[in-house]
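In: Provided below for reference: sequence and predicted model.
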Amino acid sequence: MSSLAATERQGWVGRVLLVLGPVLLALVITSGILVLAGANPQATLLKLLAGSFGTAVKRADVAVVWVSLVICTAGLLVSFTAGQWNIGMEGQIVMGAIVATWVGRQFVDISGVLERGAPLLVIAAMVAGGICGGVVWATAAGALKVLGKVHEIFAGLGLNFVASAASIYLIFGTWKQKSGGTLSGTVLLDEQLWLPTLQGLRASPYSLGLAVVVVAAVYFALRGTLWGLQLKAVGRNLRAARTLGVATHRVLFSAYAVCGACAGLAGAVLVVGVHHRLIPGISSGHGFMGILIALLSGFQALYIAPIALFFAALSIGSIALQLDLKLDSSLAGVVQGVMVLCVLLVQGVRQWRSGGSGT
Amino acid sequence: MKIELREIHKRFGAVHANAGINLSVGTGTILGILGENGAGKSTLMKILSGYFHPDSGGILLDGAAVRLRTPADALRHGVGMLHQDPLDFPPMRVLDNFLLGREHQFWQRRSAARADFDALCSEFEFRLDPDGFMFDLTVGERQQLEIARLLWLGARVLILDEPTTGISANQKVKLFATLRKLAAQNKTVIFVSHKLEDVEGLCGRVAVLRRGALVGEAQPPYTTAGLVQMMFGQALAVGVRPAAPLGAPQLELRGAEFAGEHIVLRNVDLTVAAGEVVGLAGLEGSGQQQLLKGVAGLVALGKGSLKIGGRDLSQASYKEFLAAGTAFMAADRLEEGMIAGLTIEEHMVLARRGKQPAIVDWAVARTAAQAGIAEFNIKGAPASVVEGLSGGNQQRALLALLPPALKLLAMEHPTRGLDVESAIYIWSKLLMRRAEGTAILFATADLEELLRYSDRVLVFFAGEIMAVLRAADATVEQLGALIGGKQK
């Protein structure tokens, strides 16, 4: 984690440079790839911009992705602060979505129509259920790490597969629609169980609000609370933290639980606010993207929002590329990946030049 | 092979680990290198085996100046080193470990290697199964494998760093026989140790290092007293310390057992009274750490019973130990004592015992940190990160973190790496604790520190408490001999 520690120490000027430098580098590399793919880089990038911010609908779509990314990254900041790589975020999002869907299904009939219960309470229960699902899944990864000495990356990867398989099993098995299991997912839930959205758009002011609250809470918790300090202590030096009297196991578990709660919340929001059903691959890689955003932010809550916006815009904008320029939308993934590699590269070079050890 | 080291200098920050060492070793000899912890033995050997580069000075092998860039480079010149902890790969097979380090052979010729391995094993009477797994091997067997491997790779000089630590008496006999045989084959053996008995029994010549310098050489017949004096220097007059009245027992151990990674400390009976200072003497890794961590609750008690201030804490958690008023201060300040990247005031908050508000009041923390900084004369600010402090200031900060009215304080090397002034300051603070009735246990390699500040000294050797001395009656010579494993 030495490079993580190093990025934290820079001031905001250094941080901006550290982000802008790699962005430019990434732009150059991406342009090169585009030229190789036979496209005009300038036209493509302009298209990308128009595809993400050109219309209100597109801006709203960006906001939907942004909410999910921000909530996930906020959670990851907690686990990163405790020195844990919660690769299992993806699975925790899926578990959140599964439990939220399960809760919703308790109140609807076979075609998704609400049978009983006040809609708002059901939505609240779905969100709460989703959070629980994420917490349980993350705590499982935490237990494997803390008690079972399984590296959290392997534990998380394994649990991701299980969660994803479970969602497929439910969609094509237990919860399949009357007409049979389809890739479109389980039955669409009653519109009364949808989070209210802005007029004619997919974005919901409630989920936007939730995202802001979550980031603010994480920011404050890491800065001002004893728990935040203990997370930091455990993440930097577990042995010394224990010697100083920090209950290290409890702190580690709490880090996983809170990170899982965020993932579960993101999953639940995807169900109540976006898809209104369980679909295959509902997490859409947001957990992994959250890790990239956390790395780019230098583990600072303040920088999550703008970086997540950039990532969300790339994801949405790249859809337009596919439609208009016949370029595959995986280009967004290429740009994001190249960006992160560039950031790590720039960090590595800086460390190397400042005479830090290469280990 | 003839080795000549000329004016070797090596500094680590402020520490002059090797200060102009000249040493030559002839072909076919077994040279012993003696010295206490931190005398510069390992540094010198790591320079000779290519792990470290000297700041200045030269190495001549058979009269030719060489530059050893890496351990592999050293091995190419015929110099191989056996480390204190054999560097091998536990989940791999013996033969695979044997093959490691063979250069420029992408396709390993396993059958040929196996034949070589078998030949080497039978030559030195090693019983090693090439298809067995490393983790089934004892430390002694791992050493045998490493010797075979280095010889196979062409080593003509074999450096062994503390090879008799952690091996059985039988294996030691076998190891010594092997080394004598190697010397007879005109190989050069360098045997690094702080065990007098081993060096006296094996080596044809002994070089003694102290504080980074070569202070003398000796040839058989050795006199233990002579070696001890070279290792530890002239015995200085030990200052008289005021006797403090002893109080009720604060620590009671009965038949206690503490297991460590390499060593098990067994059957300890010890009572330490309020206001008593007990010094733990011995080579590093002889069991002192197990005792210190054990009485502080950081190593679980295997057998027996443990009481702190009259309360039975045999099965207690570390948290209960802390609540009972114990504290542990590690030798490795930034590994086990403090958290690099966190500030002094953040440490103050973390170290505070008992209930704390969930939201940190940073103004209060800052005031507490300022008070600690003033009281302990720390050169730093509340917002200074601890890794930016000097060693002495880190130690002062650790003292400032200790809660008031401790029953028991266990410390490893309380003044290691500190200048004289800092050391005296640290002890003045510790003696104030003693006067308040805290029982203090501390381990150190500094014999004068042991005799000056302890009421009693426990001498550790290979996981046992060999002797208990009243500090007032003991001498540096006597302690030095006991530490080297010489029973009087």
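Out: Received, thanks.
In: Spatially nearest residue to the residue of chain A at minimum distance from chain B, not counting backbone neighbours?
Out: Nearest to chain B in chain A, going by Cβ to the nearest Cβ, is A:Asn237, at a distance of 4.3 Å. Any C-beta I mention is one placed from the backbone N, CA and C, and that applies to glycine too. Once flanking residues are discounted, A:Asn237 sits nearest to B:Ile339: 4.3 Å by Cβ to Cβ, 6 or more residues apart in numbering or on different chains.
In: from memory that neighbour sits against A:Ala240, does it?
Out: Yes. Using Cβ atoms under 8 Å, B:Ile339 is in contact with A:Ala240, at 4.9 Å.
In: between those two, what contacts are shared?
Out: Shared contacts of B:Ile339 and A:Ala240, defined by Cβ atoms under 8 Å, 6 or more residues apart in numbering or on different chains, are found at A:Ala233.
In: Can you give the domain ranges for chain B?
Out: The record's domain parsing of chain B by automatic domain parsing lists B:3-232, B:235-325+B:404-488, B:341-402.
In: how about the last one against chain A, any contact?
Out: Yes. Residues of domain B:341-402 contacting chain A under Cβ under 8 Å from any Cβ of the partner chain: B:341-342, B:346-347, B:349-351, B:353, B:356-360, B:362, B:401.
In: Which of those residues are buried? Put it as a PyMOL command.
Out: PyMOL command restricting the residues of domain B:341-402 next to chain A to the buried ones, with burial defined by 16 or more other Cβ atoms under 10 Å in any protein chain shown:
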select buried, chain B and resi 341+342+346+347+349+350+351+360+362+401
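In: The residues of domain B:341-402 next to chain A: which two are farthest apart?
Out: Pairwise distances across the residues of domain B:341-402 next to chain A (Cβ to Cβ) peak at 23.4 Å, for the pair B:Gly341 and B:Pro357.
In: burial measure for the residue of chain A closest to chain B, as a count.
Out: Using other Cβ atoms under 10 Å in any protein chain shown, A:Asn237 has 22 neighbouring residues.
In: do the same with B:Phe135
Out: The burial count assigned to B:Phe135 is 11, neighbours taken as other Cβ under 10 Å.
In: Name the nearest residue to it, sequence neighbours excluded.
Out: B:Pro90 (4.3 Å).
In: for A:Ile71, same thing?
Out: In space, A:Ile71 comes closest to A:Ala266 once its chain neighbours are excluded; the distance is 4.4 Å by Cβ to Cβ, 6+ apart.
In: Does that neighbour touch A:Gly96 like I think?
Out: Yes. Judged on Cβ under 8 Å, A:Ala266 makes contact with A:Gly96 at a distance of 6.6 Å.
In: what's the overlap in contacts for these two?
Out: Shared contacts of A:Ala266 and A:Gly96 (Cβ under 8 Å, 6+ apart): A:Gly134.
In: quick one: the residue nearest to B:Ile263 when sequence neighbours are not counted from B:Asn170, how far?
Out: What sits nearest to B:Ile263 in space, not counting adjacent residues and going by Cβ to Cβ, 6+ apart, is B:Gly463, at 4.4 Å. According to Cβ to Cβ, to the nearest Å, B:Gly463 and B:Asn170 sit 17 Å apart.
In: Tell me which of the two has more neighbours.
Out: Neighbour count, other Cβ under 10 Å: between B:Gly463 and B:Asn170, B:Gly463 has more, with 19 against 9.
In: Pull the contacting residues for the more buried one.
Out: Contacts for B:Gly463 (Cβ under 8 Å, 6+ apart) come out as B:Ile263, B:Val264, B:Leu265, B:Arg266, B:Ser286, B:Gly287.
In: residues near the fourth one, how many?
Out: Residues within reach of B:Arg266, counting by other Cβ under 10 Å, total 18.
In: my read is it is in a helix, agree?
Out: No. Assessed with DSSP: H, G, I helix; E, B strand; the rest coil, B:Arg266 is strand; it does not lie in a helix.
In: Can you tell me how far it is from chain A?
Out: B:Arg266 sits 25 Å away from chain A, taking Cβ to the nearest Cβ, to the nearest Å as the criterion.
In: Can you tell me the closest non-neighbouring residue to that residue?
Out: Spatially, and ignoring its direct neighbours in sequence, B:Arg266 is nearest to B:Glu257 (5.1 Å; Cβ to Cβ, 6+ apart).
In: likewise the fifth one?
Out: Sequence neighbours aside, B:Phe460 is the residue nearest to B:Ser286 in space, at 3.9 Å (criterion: Cβ to Cβ, 6+ apart).
In: and the one you found, which of the three is it?
Out: At B:Phe460, secondary structure determined by three-state DSSP is strand.
In: contacting residues around it?
Out: The contact partners of B:Phe460, taken as Cβ under 8 Å, 6+ apart, are B:Leu280, B:Ala281, B:Gly282, B:Leu283, B:Ser286, B:Gly287, B:Gln288, B:Leu291, B:Met466.
In: B:Gly26 reaches B:Lys2, doesn't it?
Out: Yes. B:Gly26 is in contact with B:Lys2 according to Cβ under 8 Å; the separation is 5.7 Å.
In: about what we covered before: now do the contacts for the residue nearest to A:Ile71.
Out: A:Val67, A:Ser68, A:Ile71, A:Cys72, A:Gly75, A:Ile93, A:Gly96, A:Gly134, A:His286.
In: Can you say which of the residues you listed are buried?
Out: Neighbour-count burial (16+ other Cβ under 10 Å) is assigned, among those, to A:Val67, A:Ser68, A:Ile71, A:Cys72, A:Gly75, A:Ile93, A:Gly96, A:Gly134, A:His286.
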